[in-house]
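Undergrad: Sequence first, then the predicted structure:
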Amino acid sequence: SAEITHRWDVFGYDPEEEHPRPEYLAKLKNVETKTVNFITQTSEPKPPFWKMKLPGILISWTSVHLLILLACAAVFAVILYRMSMVVALATIHDSTIRGNWSLFISMTGAGINLILILIFNWIYEQVAYWLTEKELRRTQTEFDDSLTLKIYLFQFVNYYFSIFYIAFIKGQYIGRPGAYRKLFGYR
């Protein structure tokens, strides 16, 4: 709104006023095509779109999608772990294990999920920064916006996909008493 732009003093913001990032200029030092910034009147390198910008953007966003799918696959792997532990512990006839198997499976599944979330976050912060560098963002604002979007998307899926599964998918396809749906003979 106009009130917020006035209060934050961003009313006349123009990205052309911002100077290029030093990393951007260092990567483009061998580019021969130059352009003149009409606001600052300085000469800046212009990267070729088809040879430098587009491949970086494609690599970046396909990697983001791949890592998001990997986070979803990790949640399904924890679900498969829990299902296999139910089957494995059902074959044991020890009364102590049979009395606490649900607690054991829930706690180990939650612990594995937590460890995977922490590992993925650490890896993804490193990868997101590297991928954003590949995109050749001209200004620090463009760079920060792109990096923030990548990290937000991944962390949203990484943190909330298991909760989304519990809320909307788990328990929807079990059937009804007397006619339970079974997979490989197990409910």
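TA: Happy to help now that I have it. Just so we're clear, the structure is a prediction, and the values are computed from it rather than from any experiment.
Undergrad: Report pLDDT for residue 38.
TA: What the model reports for residue 38 is a pLDDT of 76.
Undergrad: contacting residues around the residue positioned nearest the centre of the chain?
TA: For the chain, the residue sitting closest to the mean C-alpha position, by C-alpha atoms, centre = their mean, is residue 154 at 1.4 Å. By C-beta atoms under 8 Å, 6 or more residues apart in numbering, residue 154 lies in contact with 64, 67, 68, 71, 120, 124, 128. All C-beta spots, glycine's among them, are computed from the backbone N, C-alpha and C.
Undergrad: Can you give me the neighbour number for the fifth one?
TA: By the measure other C-beta atoms under 10 Å, the count of residues near residue 120 is 20.
Undergrad: Check residue 64 too.
TA: 19.
Undergrad: now do residue 157
TA: Residue 157: 19 neighbours (other C-beta under 10 Å).
Undergrad: buried ones in the host helix or strand of residue 106?
TA: Element membership for residue 106, per DSSP states H and E: helix 95-134. By neighbour count on 16 or more other C-beta atoms under 10 Å, the buried set for helix 95-134 is 101, 105, 109, 113, 116-117, 120, 124, 127-128, 131-134.
Undergrad: what's downstream of the helix-or-strand element of the chain with minimal mean pLDDT, the next helix or strand?
TA: Across the helices and strands of the chain, mean confidence by mean pLDDT, DSSP states H and E is lowest for strand 175-176: a mean of 72. Once the chain leaves strand 175-176, the next helix or strand it forms, by DSSP H and E, is strand 179-180.
Undergrad: Which strands border that following strand, and is each parallel or antiparallel?
TA: Strand 179-180 pairs in its sheet with strand 175-176 (antiparallel), by DSSP bridges.
Undergrad: who's in contact with residue 105?
TA: When contacts are counted by C-beta under 8 Å, 6+ apart, residue 105 touches 82, 85, 86, 89.
Undergrad: taking the mean pLDDT, what do you get for the helix or strand hosting residue 160?
TA: Taking DSSP H and E as the criterion, residue 160 maps to helix 140-164. Averaging pLDDT along helix 140-164 yields 92.
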